[in-house]
Structure formats: C-alpha cells, structure tokens
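K.L.:
generate a structure from the sequence data that follows.
(one chain, ligands or ions: 3)
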Amino acid sequence: MKIAFAEPSPPKTGSLVVGVLDDRRLTASAQQVDQQTGGMLTRAMAASKFKGRSDDVLNILAPSGLDLGRIILIGLGKAAALDATAWQNAGGKIVAQLNGVGETAAQVEIDQIDGAKIPAADAAAELAYGARLRSYRFDKYRTKEKPERKPTLKALTIAVDAAGDAKRKFAPLDQVADAVFFTRDIVSEPANVIYPETLADRARELEEFGVEIDVLGRKEMRKLGMGALLGVGQGSDHPPRLLVMQWKGAPDAKDQRPLAFVGKGVTFDTGGISIKPAGGMEDMKWDMAGAGVVIGLMRALAGRKAKVNAVGIGGLVENMPSGTAQRPGDIVTSMSGQTIEVLNTDAEGRLVLADALWYCQDRFKPRFMIDLATLTGAIIIALGSEYAGMYANDDKLAKQLVAAGEAVGEKLWRMPLHDNYDRMMDSDAADIKNISGGRDAGSITAAQFLKRFTNGLPWAHLDIAGTTWSKKDTATVPKGATSFGVRLLNKLIEDNYEE
Ligand code: BES
Ligand code: MN
Ligand code: ZN
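P.N.:
Residues are numbered from 1 along each chain as shown. Ligands and ions are numbered 1, 2, ... in the order given. Just a heads-up that it's a prediction; the model follows:
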C-alpha cells in the first residue's frame with residue numbers, strides 16, 4: 001500500500017473518506033460533500049445508526065453528483081479526544097474498511113477541527129501512520145491464496161492543507177512503522193527459518209542504517225564465562241549467539257553513556273528436558289520476541305536518526321531436548337560468578353537473560369537497562385493480553401515507561417519486587433535456583449531472579465508473554481505478532497532522552 005499526501009482537490013475515482021464528529025457533526029469537508037450530493041450524507045446518517053462515534057463507519061455507494069464509487073463516513077468521536085492515538089486508530093480502521101469492501105484506491109480528507117488536541121498536519125501524519133501499521137500482513141508462505149481474499153487497497157491519498165508539512169511529520173513515523181514491520185516479520189517466521197544464526201543475520205541488515213553489530217559465538221561466550229546462556233543452548237544443533245547492536249546518535253555535548261535494551265531471544269522453546277505439552281507448543285516460535293523488539297527498536301532509532309546512544313543485546317538460543325541437553329538439577333556458573341541450580345529446563349529465559357544482563361552492564365555501564373522477555377505464563381494469568389507486566393528498581397524509570405506506554409497504547413502495569421519474593425529463589429545447592437518450586441507469584445519470582453544479575457543498575461523488566469502475539473485485530477495491530485515494545489521504547493527515548 002502506497003501512502004501519499006496532497007493538497008485538497010476532489011478525487012475522480014475510488015473512495016472518498018470524510019470525518020464526522022460525535023452527534024453527527026460534519027467536518028468541513030464532509031459538509032462540502034454533503035452539499036455536492038444534495039444532502040446524501042445527512043440522509044444516509046439519518047437512515048442508519050451512524051452517530052459519528054469513534055467506532056462508527058458508514059458506506060455510501062455510488063453517490064449522485066460525483067464520479068466516485070463510494071463515500072465512507074468515518075466516526076471521529078469527540079473533538080476534545082482527538083489525540084495522536086485517535087487519529088492513528090482512525091487510519092487503521094479506514095484501511096480495514098477499504099480492504100473489507102475490496103477498494104483499490106482512496107482519498108481521506110483531513111480538516112482542521114476546533115478543539116482537537118493536534119493540528120491538521122499532525123493529524124494527517126498520525127492517520128497515515130495508523131493506516132500503515134494496520135496494513136501489515138505476514139503472507140509470504142501463502143502461495144495459493146485466492147486474489148479476492150488478499151488486501152485490495154493499493155493507494156491511499158491523504159488530502160490536507162500544508163501537505164508538505166504533513167509529509168515531513170510522517171517521515172519519522174514511517175521509520176518507526178518500518179521498524180515495527182521488521183519486528184513483526186522476524187517474530188512471525190517459524191523456527192526452522194529463524195534460529196540464532198539466522199536471527200543474527202537478520203539483525204546485520206541494520207548495518208545499512210548505521211547500527212554497529214557484533215555477534216558472539218560459543219567460543220567467545222565460553223571465554224566470558226556465560227555458563228547460564230550456554231547451558232540453555234547446549235541441546236540444540238543450532239549454536240547460540242549473543243547479538244550486540246550499538247546506535248551512536250548522541251551529539252558530542254550530551255551524556256554519552258548509552259541506554260541499554262536486552263531481549264530474550266529463544267528462537268524455539270520446547271521446554272528442553274522439562275518438555276512442554278504438545279498443545280500450543282507452536283507458539284514458542286515467538287519466544288524470541290524480546291530480542292525481536294530490541295532489534296526493531298534499534299532499527300527505529302537508526303531510521304529516524306535519534307539523538308541518543310543506545311545498545312541492544314539479544315540472547316539468542318534454541319531450547320531443545322537431546323542427548324547433549326541440560327538436565328534438571330544441573331548447576332551452571334553464570335558470567336556474574338553466581339551459580340544457578342537449574343531445576344526446570346523450561347525456565348530458560350531467565351538463564352539466558354542472566355548472562356545477557358550481566359554482560360550488558362559489565363561492558364557498557366549504561367544509564368539504565370530495560371529487558372523484554374516472553375518470560376512467564378504466569379503474567380498471562382495475571383494481566384491477560386491488555387497490559388504487559390513491568391518490574392523496576394527505579395521509580396523514575398518506571399513512571400517514564402508507564403507514561404510512554406499510555407501514549408502509544410502499549411500499556412504497562414507495574415508489579416512488585418520484594419526481598420521476601422527474592423528469598424523464594426534461594427537454592428540449597430547453589431547461589432540461586434531457576435524456579436521457586438511452587439506456582440505462586442510466578443512472574444514476580446522470575447523478575448526477582450533477573451534482578452540478581454543487574455548489579456544494582458537502574459533496571460526495568462517487561463514480561464511481554466501476554467502482549468507479544470494477538471489473537472484478534474485491533475485498530476492498528478492486525479492479529480499475529482504485535483511488536484509490543486518497539487513503539488513504547490521509541491516513545492520513552494523520544495520523550496525523555498533526546499533533546
Ligand atoms: N516462554 C515461556 C513462557 C511463555 C508461556 C511465553 C506461554 C508465552 C506463552 C517460558 O520459557 C516458560 O516456559 N516459563 C515457564 C516457567 C516455569 C517453568 C517456572 C512457565 O511460565 O510455565
Ligand atoms: Mn520455557
Ligand atoms: Zn521461554
């Protein structure tokens with residue numbers, strides 16, 4: 001789908017989309033179209049339950065007096081609620097609607113609306129962004145799909161005064177959308193295609209945007225003493241990798257210490273010897289989403305040339321049962337020097353992150369570390385797919401994260417850390433064990449485990465097990481890989497760590 005911005009001029013073909021506010025208040029362009037069609041819009045609204053609420057859509061076919069095939073009224077809701085997200089959602093819904101009716105080309109009219117939270121040029125850019133985000137589809141393996149079942153929309157024109165301004169404002173958003181798509185692509189790929197080596201190869205594509213990439217293999221990791229990460233990978237024929245990405249965009253005068261993002265990149269999680277049941281195991285192809293999001297975030301920062309230094313690390317391993325696999329009861333020594341009793345080989349994400357986090361703070365001395373991981377089923381029980389769980393040892397960072405999440409619609413709910421939970425991870429045989437032994441507070445005890453590998457740095461952990469993959473479409477996120485975290489962390493940086 002191609003998106004273009006243009007100064008308002010009446011389209012000749014395809015569909016025309018105009019906005020209507022709550023209580024059927026026509027926007028300026030809707031009023032104009034209403035007049036041109038002899039009041040068709042007013043009559044069509046009166047004959048339907050369309051009220052102009054933000055979920056309302058109304059199709060008017062073959063309007064008289066115009067050459068167009070269709071006019072679509074899109075509900076914008078209350079003017080005072082028209083913020084960036086509302087415009088993005090409108091854009092997403094327009095794309096879904098146009099594909100649903102089989103349209104190939106459409107023009108959306110954007111008006112200056114009294115009382116709206118952002119001006120028309122920004123509204124146009126946000127609407128375009130939402131339209132793009134919704135247009136994503138992972139269909140490369142669907143070779144026999146009938147053309148009529150494929151999305152039809154090829155060209156979307158956004159008509160707005162000061163179109164050049166809108167286009168300029170869209171450019172960085174377009175980069176973030178590219179980054180979101182990059183993450184959705186790699187998370188959607190099956191585990192026979194994406195494994196540690198190929199995932200690192202995909203990340204190397206970011207070199208073209210100026211991201212520096214290092215990839216550590218088994219030998220280097222052994223030298224560093226990463227026994228926890230290596231133990232998880234030892235049952236697989238695919239050797240593990242530690243992916244290290246650096247974006248250096250901070251101007252000389254600024255604080256040069258990087259922000260650090262660390263992702264769980266388990267390219268497939270069978271559970272290992274503590275093997276998972278067969279039902280639903282295919283979902284574990286997306287157990288690398290934490291790393292996928294970190295890669296996408298680096299792509300976003302580099303794509304829009306963010307004025308910040310950032311480090312992205314991915315612990316990439318495949319968790320398989322085999323003759324060489326780690327056994328329950330094994331004791332491994334992590335890079336931090338702490339020994340870990342591995343009581344359940346399915347609690348592998350925390351083992352991978354233990355070494356990735358330690359390496360990160362040791363090598364980069366970052367201002368903070370944020371890790372993302374599809375870490376526990378327990379967070380899905382607690383929060384479902386609406387909020388991701390957030391843990392933090394730093395209130396300021398926690399507040400910034402919550403605010404960024406609210407702003408982009410990737411919401412975080414802060415969960416508690418406490419010494420009493422920490423004690424649940426003490427082992428009789430080693431310094432720490434990788435499961436508490438009971439089901440209580442399963443997401444919290446996992447976070448407490450990670451905390452012991454942060455060396456006291458400001459740190460936040462996002463358990464994204466419930467939000468990484470969606471079973472239903474939302475306005476800007478089609479079902480499947482959501483890329484949850486890319487927009488959130490991009491916003492965190494944009495709002496707090498660039499000038
Ligand atoms: N990758 C899983 C967590 C997960 C489950 C993510 C379902 C997405 C959907 C993780 O490695 C895991 O297996 N966690 C175990 C931990 C347990 C053994 C303490 C879990 O949550 O059951
Ligand atoms: Mn597991
Ligand atoms: Zn896992």
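K.L.:
restricting to C-alpha, output stretch 446-460 in CSV.
P.N.:
Extracted C-alpha coordinates of stretch 446-460, given in CSV (Å, rounded to 0.1, in the frame of the first residue of the first chain):
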residue,chain,number,x,y,z
ALA,A,446,11.2,-14.7,37.6
ALA,A,447,11.7,-10.9,37.9
GLN,A,448,13.5,-11.4,41.2
PHE,A,449,15.8,-13.9,39.5
LEU,A,450,16.7,-11.3,36.9
LYS,A,451,17.3,-8.6,39.5
ARG,A,452,20.2,-10.6,40.9
PHE,A,453,22.0,-10.2,37.6
THR,A,454,21.6,-6.4,37.2
ASN,A,455,24.4,-5.4,39.6
GLY,A,456,22.3,-2.7,41.1
LEU,A,457,21.9,-0.6,37.9
PRO,A,458,18.6,1.2,37.3
TRP,A,459,16.7,-1.5,35.6
ALA,A,460,13.2,-2.5,34.4
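K.L.:
what does the chain have sitting close to ligand 1?
P.N.:
The chain comes close to ligand 1 at residues 269, 283, 287, 344, 346-349, 374-378, 435, 442, 465, as judged by C-beta under 6 Å from any ligand atom. Placement of C-beta: from N, CA and C, glycine included.
K.L.:
out of these, which touch ligand 2?
P.N.:
269, 346, 348 (C-beta under 5 Å from the ion).
K.L.:
per-residue confidence at the nearest residue to residue 409 once chain neighbours are set aside?
P.N.:
The shortest distance from residue 409 to any non-neighbouring residue, by C-beta to C-beta, 6 or more residues apart in numbering, is to residue 85 (5.6 Å). Note for residue 85: predicted pLDDT of 96.
K.L.:
same check on residue 453?
P.N.:
Looking at residue 453, its pLDDT stands at 99.
K.L.:
does it touch residue 334 like I think?
P.N.:
Yes - judged on C-beta atoms under 8 Å, residue 453 makes contact with residue 334 at a distance of 6.9 Å.
K.L.:
give me the common contacts of those two.
P.N.:
354-355, 358 (C-beta atoms under 8 Å, 6 or more residues apart in numbering).
K.L.:
and the residues you listed, which is closest to ligand 3?
P.N.:
Taking C-beta to the ion as the measure, ligand 3 sits nearest to residue 354 out of these, at 13.6 Å.
K.L.:
for ligand 2, what are the nearby residues on the protein?
P.N.:
269, 346, 348.
K.L.:
can you name the residue of the stretch 301-450 of the chain nearest ligand 1?
P.N.:
residue 377 (3.4 Å; C-beta to the nearest ligand atom).
K.L.:
how close does that residue get to residue 438?
P.N.:
Separation of residue 377 from residue 438 (C-beta to C-beta, to the nearest Å) stands at 14 Å.
K.L.:
which one of those two is surrounded by more residues?
P.N.:
A count of neighbours by other C-beta atoms under 10 Å puts residue 377 above the other of residue 377 and residue 438, at 14 against 9.
K.L.:
need the residues of the chain next to ligand 2 in JSON lines with secondary structure, neighbour count and pLDDT, can you?
P.N.:
Shown next, in JSON lines, are the residues of the chain next to ligand 2 (DSSP: H, G, I helix; E, B strand; the rest coil; neighbours: other C-beta atoms under 10 Å; pLDDT from 0 to 100):
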{"residue": "269", "secondary structure": "strand", "neighbour count": "26", "pLDDT": "99"}
{"residue": "346", "secondary structure": "coil", "neighbour count": "19", "pLDDT": "98"}
{"residue": "348", "secondary structure": "coil", "neighbour count": "30", "pLDDT": "99"}
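K.L.:
ok, the residues you listed vs residue 219, which is closest?
P.N.:
Comparing the residues of the chain next to ligand 2 against residue 219 with C-beta to C-beta places residue 348 closest, at 21.3 Å.
K.L.:
my read is that the closest one contacts residue 320, right?
P.N.:
No - taking C-beta under 8 Å as the definition, residue 348 is not a contact partner of residue 320, at 10.4 Å.
K.L.:
look through this protein and tell me its longest helix.
P.N.:
Identified as the longest helix of the chain according to DSSP state H is helix 163-188.
K.L.:
which bits of the stretch 301-450 of the chain sit near ligand 3?
P.N.:
Counting by C-beta under 5 Å from the ion, the stretch 301-450 of the chain comes close to ligand 3 at residue 349.
K.L.:
now with 8 Å, please.
P.N.:
Proximity of the stretch 301-450 of the chain to ligand 3, by C-beta under 8 Å from the ion, involves residues 319, 346, 348-349, 373-375.
K.L.:
which of these lies closest to residue 30?
P.N.:
Taking C-beta to C-beta as the measure, residue 30 lies nearest residue 374 of those, at 44.1 Å.
K.L.:
end to end, how far does stretch 100-119 reach?
P.N.:
Using C-alpha to C-alpha, to the nearest Å, the end-to-end distance of stretch 100-119 comes to 29 Å.
K.L.:
sorry, slip of the keys, the one I care about is stretch 335-354.
P.N.:
The straight-line separation of the ends of stretch 335-354 (C-alpha to C-alpha) is 8 Å.
K.L.:
ok, and for that stretch, which residues are buried?
P.N.:
Neighbour counts over stretch 335-354 (16 or more other C-beta atoms under 10 Å) mark 335-336, 338-354 as buried.
K.L.:
circling back to that earlier point, can you flag which of the residues of the stretch 301-450 of the chain next to ligand 3 belong to strands?
P.N.:
If you go by DSSP state E, these have 319, 373 in strands.
K.L.:
closest one of the residues of the stretch 301-450 of the chain next to ligand 3 to residue 34?
P.N.:
Distance to residue 34, by C-beta to C-beta, is smallest for residue 374 among these, at 49.6 Å.
K.L.:
contacting residues around residue 467?
P.N.:
Residue 467 touches 385-388, 410, 482, 484, counting by C-beta under 8 Å, 6+ apart.
K.L.:
using the three-state scheme, assign it.
P.N.:
coil (DSSP: H, G, I helix; E, B strand; the rest coil).
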